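# One predicted model, sequence on top.
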Amino acid sequence: MIRVLPADEPGAAKYLLEIDSHRLRSALTERGGHALDLTIAACTFDKTGKAMLQYDKASEANLNAEQYVAASHAATEILQITPRPDTARERLLVRDSASGRMGSVDVPKGKPQCPHLQVRAPPATKP
């Protein structure tokens with residue numbers, strides 16, 4: 001699910017992403033924890049569909065057993081971008097680096113919540 005949060009600066013858009021973690025992969029760490037490696041991205045588009053702003057950030061987390069149990073329902077990330085005034089649409093994307101699975105969702109203007117962001121298997125590629 002995506003929730004709109006109050007932005008830290010004028011003109012910015014801030015989102016809380018609650019990522020369905022059932023399809024994420026974590027790697028075991030040497031200390032018995034779990035490592036999650038995600039890429040969070042955003043792209044804005046004008047009214048003709050032309051991409052205007054692209055932003056991405058890496059998100060790596062080393063979780064202990066208690067944190068891993070909490071994250072087993074949803075992993076959370078906060079993303080803030082400053083779209084141009086002529087932005088007509090924003091699209092958010094999550095990529096699980098371990099599995100290659102991705103999920104994306106359009107953020108409707110003026111809507112406080114969006115449906116769940118599902119992380120899906122990458123498309124098959126021809127050899």
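Perfect, I can see it now.

# hey, let's count contacts and neighbours off CA atoms from now on
Will do.

# residues contacting Leu92?
The contact partners of Leu92, by C-alpha atoms under 8 Å, 6 or more residues apart in numbering, come to Ile40, Ala41, Ala42, Cys43, Ser104, Val105, Asp106, Val107.

# Return the member of these nearest to Gln54.
Cys43 (4.5 Å; C-alpha to C-alpha).

# gap between that closest one and Val94?
The gap separating Cys43 from Val94 is 12 Å, by C-alpha to C-alpha, to the nearest Å.

# In terms of neighbours, single out the busier of the two.
Remark: of Cys43 and Val94, Val94 carries more neighbours, 25 against 19, as counted by other C-alpha atoms under 10 Å.

# For the closest residue to the more buried one other than its chain neighbours, give the beta-bridge partners.
Leaving out its chain neighbours, the residue that sits closest to Val94 by C-alpha to C-alpha, 6 or more residues apart in numbering is Ile40, at 4.8 Å. Per DSSP bridges, the residues bridged to Ile40 are Lys57, Val94.

# For Ile40, give me its contacts.
Contacts here follow C-alpha under 8 Å, 6+ apart; on that basis Ile40 touches Asp56, Lys57, Ala58, Ser59, Leu79, Leu92, Leu93, Val94, Arg95.
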